[in-house]
Every structure is written in C-alpha cells, then in structure tokens.
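Colleague: when you get a sec, could you give me coordinates for this:
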Amino acid sequence: MRSPCDEAVIRTGDAEAPCTPEARTWILAATILGSSIAFIDSTVVNVALPALQTTFHATVVDVQWVVESYGLLLGALILVGGSLGDLFGRRLIFVLGVVIFAAASAGCGAASSVRQLIITRSIQGVGAALLVPGSLAIISTSFDEKSRGQAIGTWSGFTAITTAIGPVLGGWLVEHASWRWVFFINLPLAAAVIVISLWRIPESRSATEGRIDWLGALVATLGLGGLVYGFIESVNLGWRNAPVPGSLIAGCCCLILFVFVEARVPSPMVPLALFASSSFAGANLLTLFLYAAIGIFFFLFPLNLIQVQGYSATAAGGAVLPLILLLFFLSRWSGGLVSRYGPRLPLVVGPLVVALGFVLFAMPTVGGSYWKTFFPVVIILGLGMAITVAPLTTIVMNSVSQDRAGAASGINNAVARVAGVLAIAVLGIVMVNAFGSRLNHRLVQLSLPAGVLQVLQSGEVKLAGLPVPDDLNPTTRTAIKEAIAEAFVFGFRTVMLICTGLSAASAAVAWVMIPKESAGDGQ
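Modeller: Sure thing, here's the model as predicted:
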C-alpha cells in the first residue's frame, strides 16, 4: 500500500521546467511506471514468500530479511534520494534509480540462495530510494499549478490500479510460472521507463545550492539496521548471544546520535524544528503506530492465506484488492472530511475503525469461505484506512509553513516506511514465540517419539512452512499438520490484537495532539 503524503510531495514543488502539452503524456507514463514498480515490489514479494520459503527451505527469519532488507534501505535513504535529485538533476537520479532497481531485480530473480536474494533486495531498496522521490519530483517540476491537479489525479489513479493489480499478477506468476518472474517482470517495465525518460523528460535541478546530509543518512541507516538486526536475529541466536544486545545498543545509540547530527548539520534531511509543531509531531506518531500495524499485517496475512488457509497465490494476491480499491475510490470523499469536521475527528475515527478490523481478523480459524471470513474484515480495514489517509496528509501539510511543506510530507512518507520495517522485526518475535508455545503444547498431547518431537521443535522458526516428517503414519501426519495450522492461527491472532492496540494508540495520539480545527503552526 502506498505511503501517505505521496501526492503532497508533488503538490509542494515548483514548476521549474514546465513541460509542453505533447510531453505530458510521456512524463506521466514514465513516472507512473517508475513509481509502480517500486510500490508493487513492496507488496508482491509478500505473496511470493511461501514459495521462496519452500525453494530455499528458509526460516521465517530468512523471509523477514527478504522483506526488511528492501524496506530498510528504502526508508532510511528516501529523503537523501530526493536531495540528490535536487542537486544533480532529477531525471538523472530517477533514471539511475531505475537502472539500479532493474539490475537488482535481475539479481533477485537469478538468486541461487536466500542470502543472495537478501543482498540483491538490499540493492533494490537503494534503487527505490532514488526512483520514488525522483518520480514525484519530476511531476512536481514539470507541471504548473494549472495542470498539476489533473496530473496528480492521473498519476494517483494509474498507480492505484497498478498497485491493486500487482499482487494478483504476482500471485498468478508464482502459481503458474515461478516466483522468479515476480522480479523478472520488472525488467521490461524498467527498460520502458528509461527510454521514455531519456527521450521525453527534461532535466531539472534546484535553483538553490544545497548539500546532502550524508552523515545523517549513514547514522540513520546504521541505527535502523542495528535495531532490525538485533530483533530479527534474536530468534536464531537468542537474547544472550553478544551480537543481539550489542546491535540493539548500537542501533539505539546511533538513533540518539542522529538527533544530535540533525540539530547541527547545515542541511539536515530531517529538520527537527518541524517537530515543534504539535500537529506535525502528532501526525508522525500516529503514522508510526498505524503503519506499524499495517506493515506486519501485510507480511503475515499472505502466509496465513497460502500456508494455512490453503489459498492459491493468485487468490491471496486478490484477497486485499477490496482494501486498495476502497482507498482509491474514497480518497476524494475522505479528503472533504477535514473541511467538514476538522482534522481530529477523522484521525480518531479512522484508526478506531482500523482497530475494529484487526479485532475481527483475530477471529477466523482454519477454513471457511473468503466471503464470510476475510472479505468483510478487509472492507472494514479499507474503510478505516480510507478515512485516515487523506486527512493525515492534510494535517501534515497544514501543520507547517508553506515553504517547509515539502520537507514535512517527505518525512511523514519516510516514517510510514520505517514503521513497517520496525514492526516486522519486533512483532516477528511475538509471532515466532506464540507459534512455538502453542505448537509445543499441542505436540506434547500427541505423544510423539522423542526424535520426531525434536525435529519439529528445531524447525519451529519456519512457522507454517514447517515440514512434517514423511515416515509417520497418515493419521499422525494429519494431526501434526492441524497442530501447525492451529499454532500459526494462534500467533496470528496474538499479533492482530497487538495491531488493534497500535491502531487504538494512533487514535489516542490524534485525540491528544491534533487540534479540532486545521491551522498551520507556522514552523
């Protein structure tokens, strides 16, 4: 799902290189395709995770890294990517990002081990950090105020369509071809983007001389990387293994250092003065909680559907389609809620509706029709997010002065991406522990031979991908499979209830920190 404030990033720019009417179609085509391959890759890979796990005999830690390596670099470097475009040329950095993304996609598709896949996914994240802000900035600088609204509407509509179709297409490729085609399909799209960009998009750069906050980017990446490594690897290594607490401590120290760095560098990628606005600080804290819940949901839900509920990859990709469509079709309506009720009410109601959705996601067991189990809950979750996203973007824009609106929207965009990265790292531990606890309880009741019990317990970190030994009688094998499915559902329920709490916390933040009336703080 797209992060908030993408459209706000476009609106805050100046038309430094207005395009001719005949070039508009080509510019939109390149930026839509460029944005879409990055947006789609954030979600399509989740549908492919069960197939990846089977191919590489991977643990949940491995598949966590497949997702996290991409999101970590994208979240940490996306603000730097925008600055590079302003300094060296937006088209140049955009095309460079697409080239890196395409090369890394080829590497992902050709990976012969999960370690290679993780490395190439990291490179993909670097490419996405360049092309995502580049595509938004190109639209912003190519269209004047008169034509920008229509351009944003076209970009938003087509990227919503591609984002909705992406998981379904990805699921179909996984099911009928190979998970590798989830990555290989990026190559012709990237080639088209590069050709159109070099042929039709004019180069532009900021008129004011700026600097890149390399130190801030390095410290932020090390800080987030330290936390993510510590939390994820604690499942494999244990909390007493020195690298785990060491990386957590180092990560926390780097994030504290990041605050001091941003307060002292001449051109910080995160201007701390913006957080003097309680509305801006509240909007970002709300985003952190809410998008953490959304991030872990999109990681675990496809695993639940495919490995436990028995859905095909295509069906799993289509299961969240109603949510994406609701976000698109209700965006204009939800944007009007602020002018009618003020920003606080929709930012309280929306997350509470999302919280209700997560409570209902904790109820289904194994089996049952999609239309009676998950479909109504997906609709509720989509409605809650639709109520929230547009007002959230509005309050971010209105909480600071106009000359800082671009920085504010970029920061909120980055916070949403980082929230998902941290949630998968932290709540992945909860999922593994809950799964292992319930599975052990069930396996003891089955009175299995000690050797079989040891094999199953040693593979708990694979979650529902845990293979059942072949040399057991059919009745015992069926009982073990049922125990694994029940244990996964128990863990999924536990995480969904935590997501309920995170969503409710975001509503509480809105109630306390967001004013009833929308007004800029002038920071």
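
Colleague: quickly note the distance from Thr12 to Gly501.
Modeller: 33 Å (C-beta to C-beta, to the nearest Å). All C-beta spots, glycine's among them, are computed from the backbone N, C-alpha and C.

Colleague: one more: Asn412?
Modeller: Distance from Asn412 to Gly501, by C-beta to C-beta: 22 Å.

Colleague: also Gly81?
Modeller: 33 Å.

Colleague: for the spatially closest residue to Arg90 that is not a sequence neighbour, give me its contacts.
Modeller: Leaving aside its sequence neighbours, Arg90 sits nearest to Ala137 (C-beta to C-beta, 6 or more residues apart in numbering; 4.8 Å). Ala137 is in contact with Val9, Gly13, Gly82, Gly85, Asp86, Arg90, Phe94, counting by C-beta atoms under 8 Å, 6 or more residues apart in numbering.

Colleague: pull the contacting residues for Leu169.
Modeller: By C-beta under 8 Å, 6+ apart, the neighbours of Leu169 are Val44, Ile185, Gly317.

Colleague: ok, the first one to Thr393 distance?
Modeller: For Val44, the distance to Thr393 (C-beta to C-beta) stands at 25 Å.

Colleague: what of Val366?
Modeller: Val366 sits 38 Å away from Thr393, going by C-beta to C-beta.

Colleague: the more surrounded of those two?
Modeller: Thr393 (26 against 13; other C-beta atoms under 10 Å).

Colleague: my read is that that one contacts Ile10, right?
Modeller: No: Thr393 is beyond contact range of Ile10, at 11.2 Å (criterion: C-beta atoms under 8 Å).

Colleague: Thr394 and Gly336, how far apart?
Modeller: 10 Å.

Colleague: between those two, point out the one with more neighbours.
Modeller: Set Thr394 next to Gly336 and count neighbours by other C-beta under 10 Å: Thr394 wins out with 23 against 12.

Colleague: so the residue nearest to Arg90 is in which element?
Modeller: Under DSSP states H and E, the secondary-structure element containing Ala137 is helix 114-142.

Colleague: go through that helix and flag the buried ones.
Modeller: Within helix 114-142, the residues scored as buried using 16 or more other C-beta atoms under 10 Å are 114, 117-142.

Colleague: per-residue confidence at Tyr370?
Modeller: As predicted, Tyr370 sits at a pLDDT of 93.

Colleague: residues contacting it?
Modeller: When contacts are counted by C-beta under 8 Å, 6+ apart, Tyr370 touches Tyr311, Ala315, Ala319.

Colleague: at 10 Å instead, please
Modeller: Counting by C-beta atoms under 10 Å, 6 or more residues apart in numbering, Tyr370 makes contact with Leu305, Gln309, Tyr311, Ala315, Ala316, Gly318, Ala319, Pro364, Pro376, Val378.

Colleague: now Phe275
Modeller: Counting by C-beta under 10 Å, 6+ apart, Phe275 has contacts Ala281, Gly282, Asn284, Leu285, Ser399, Val400, Ala408, Ile411, Gln523.

Colleague: if we use 8 Å, what do you get?
Modeller: Per C-beta under 8 Å, 6+ apart, neighbours of Phe275: Ala281, Asn284.

Colleague: now do it, the pLDDT please.
Modeller: pLDDT at Phe275 comes out at 92.

Colleague: look up how far Arg404 lies from it.
Modeller: Where Arg404 is concerned, Phe275 sits at a distance of 12 Å (C-beta to C-beta).

Colleague: where exactly do the strands run in the stretch 251-400 of the chain?
Modeller: In the stretch 251-400 of the chain, no strands are defined using DSSP state E, counting those that start in this stretch.

Colleague: for Tyr370, give its distance to Asn304.
Modeller: Tyr370 sits at a distance of 12 Å from Asn304 (criterion: C-beta to C-beta).

Colleague: rounded mean pLDDT for stretch 358-366, please.
Modeller: Stretch 358-366 shows an average pLDDT of 93 in the prediction.

Colleague: now the contacts of Ala137 as JSON lines including secondary structure and distance to Ile196?
Modeller: What follows is the contacts of Ala137, written out as JSON lines (DSSP: H, G, I helix; E, B strand; the rest coil; distance: C-beta to C-beta, whole Å):
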{"residue": "Val9", "secondary structure": "helix", "distance to Ile196": "21"}
{"residue": "Gly13", "secondary structure": "coil", "distance to Ile196": "20"}
{"residue": "Gly82", "secondary structure": "helix", "distance to Ile196": "21"}
{"residue": "Gly85", "secondary structure": "helix", "distance to Ile196": "17"}
{"residue": "Asp86", "secondary structure": "helix", "distance to Ile196": "22"}
{"residue": "Arg90", "secondary structure": "helix", "distance to Ile196": "15"}
{"residue": "Phe94", "secondary structure": "helix", "distance to Ile196": "11"}
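
Colleague: which of the residues you listed tops the neighbour count?
Modeller: Neighbour-wise, the contacts of Ala137 (other C-beta under 10 Å) top out at Arg90, 31 neighbours.

Colleague: that residue against Gly134, yeah?
Modeller: Yes: using C-beta under 8 Å, Arg90 makes contact with Gly134 at a distance of 5.6 Å.

Colleague: report all helices and strands that the helix or strand of the chain with the lowest mean pLDDT contacts.
Modeller: Ranked by mean pLDDT, DSSP states H and E, the weakest helix or strand in the chain is helix 6-11, scoring a mean of 72. Here helix 6-11 touches helix 114-142, helix 145-176, helix 375-398, helix 405-445, going by 3 or more C-beta pairs under 8 Å, 6 or more residues apart in numbering; DSSP states H and E.
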